[in-house]
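Visitor: with the sequence up front, the predicted model follows.
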Amino acid sequence: MNDRAVELLGQYEIEVQRTRKGRGAIVCETDQGCLIFKEYSGSQERIELQNRLLNQIACAGLVKAEAIIPNKEGGLLVRDNDGSGYVLKTWRAARECNISDKEECRGAVRLLARLHESMTLPLDTPNLPTVFTAGKEYEKHNRELKRVRKFLQQKGQKTEFEIYLLHHFDFFLEQAVSITEEWKKYCEDGGGHLEAAKEQNGVSFCHGDYQYHNILKDDSGWFVVNFEKCMRDNPIRDLYLLLRKLLEKGNWPVALGAELLEVYEKERHISDHSRIDLYYRFGYPEKFWKIVNFYYNSGKAWIPGRNQEKLERVIAQEKEKQKFLDEVFRK
């Protein structure tokens, strides 16, 4: 962010004492405490929804999360001469959650359950977004996988990575298609109606990007940030994202996965539908799709060695992942 962006801080009722550059943002020490000033590329409707959710979380009082600071005119955004939007939010100079610390992992899961208890909006909330459908997202992923497989099959001279990728492609593509079709059939047979019925008491949202970068901790406790990707989806989405990253790091330990699910349930009940939803999200080979997607949409003249390492790790972990699904869900 440049000096012109700093000048925009004059549009707020704050006294800026000093600033420093953060990750794609400006951290400000002010008379109102530590704040962060970031560029915002979303729509006005989007930030209004985000602000409603943050106000709801603050009112519930279960979790400490960022808040958007309005400008002198009461607006949620300020804009520079180019029309670029910026948002000012509360912040803490705290460290990220340590995912190597089992106790902090438990704390992050416990925090998430409490966050979800705070993220329900009334049915008459204006401009509610449509419900996100994970099954449709996976159908889109499957079309992309088929496109890349066809590209690789027709490609002449292949790199070592491409040969290795193509060798394992059919296994993961068949798994992706099978999981997606099975999930679709479950929803068509009435599974989706069970969750829809729950919205009679309000509309559930999830953080959308609940991972250790956005879970901060200091001496005063936990602080959740970066709600830009919040969406109207089953909150189990957040639990899946957090657990998948933790379990991949530890080679899918059954005991840890079961324990963290239990920690969540002590704070917030997981319905039968949500547990099935979680199973299908875990079952889909999302990590494989991410590797393929990164490969296909980046320059193919030089393929980073990390891609090969990531692919080898996904393949090596498949047996342990299936064991985890067997022990925690299928049985």
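Guide: Thanks, I have the structure now.
Visitor: sketch out the low-pLDDT regions of the stretch 201-331 of the chain for me.
Guide: Within the stretch 201-331 of the chain, the ranges that satisfy pLDDT under 70 run 300-304.
Visitor: send the alpha carbons of stretch 68-82 over as CSV?
Guide: The C-alpha trace of stretch 68-82 is given here as CSV (Å, rounded to 0.1, in the frame of the first residue of the first chain):
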residue,chain,number,x,y,z
ILE,A,68,-15.2,-2.6,10.8
ILE,A,69,-14.6,1.1,11.8
PRO,A,70,-17.0,3.5,9.9
ASN,A,71,-15.6,6.7,8.4
LYS,A,72,-16.8,10.2,9.4
GLU,A,73,-19.8,9.8,7.1
GLY,A,74,-20.7,6.5,8.5
GLY,A,75,-19.6,4.5,5.5
LEU,A,76,-17.8,1.2,5.7
LEU,A,77,-15.4,2.0,2.8
VAL,A,78,-13.3,4.9,1.7
ARG,A,79,-12.1,5.3,-1.9
ASP,A,80,-9.0,6.8,-3.5
ASN,A,81,-8.9,8.8,-6.8
ASP,A,82,-8.7,5.5,-8.8
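Visitor: contacts for it?
Guide: 4-5, 8, 11-14, 32, 35, 40, 44, 47-48, 50-51, 54, 85-90 (C-beta atoms under 8 Å, 6 or more residues apart in numbering). Glycine gets a C-beta too; all of them are placed from N, C-alpha and C.
Visitor: and K217, what element?
Guide: Applying DSSP states H and E as the criterion places K217 in strand 215-218.
Visitor: output the contacting helices and strands for that strand.
Guide: strand 95-96, helix 102-117, strand 221-224 (3 or more C-beta pairs under 8 Å, 6 or more residues apart in numbering; DSSP states H and E).
Visitor: in that strand, what counts as buried?
Guide: 215-217 (16 or more other C-beta atoms under 10 Å).
Visitor: pretty sure Y296 is in contact with K150, am I right?
Guide: No: Y296 lies out of contact with K150 (C-beta atoms under 8 Å); the separation is 11.1 Å.
Visitor: excluding its backbone neighbours, what's nearest K146?
Guide: L173 (7.0 Å; C-beta to C-beta, 6 or more residues apart in numbering).
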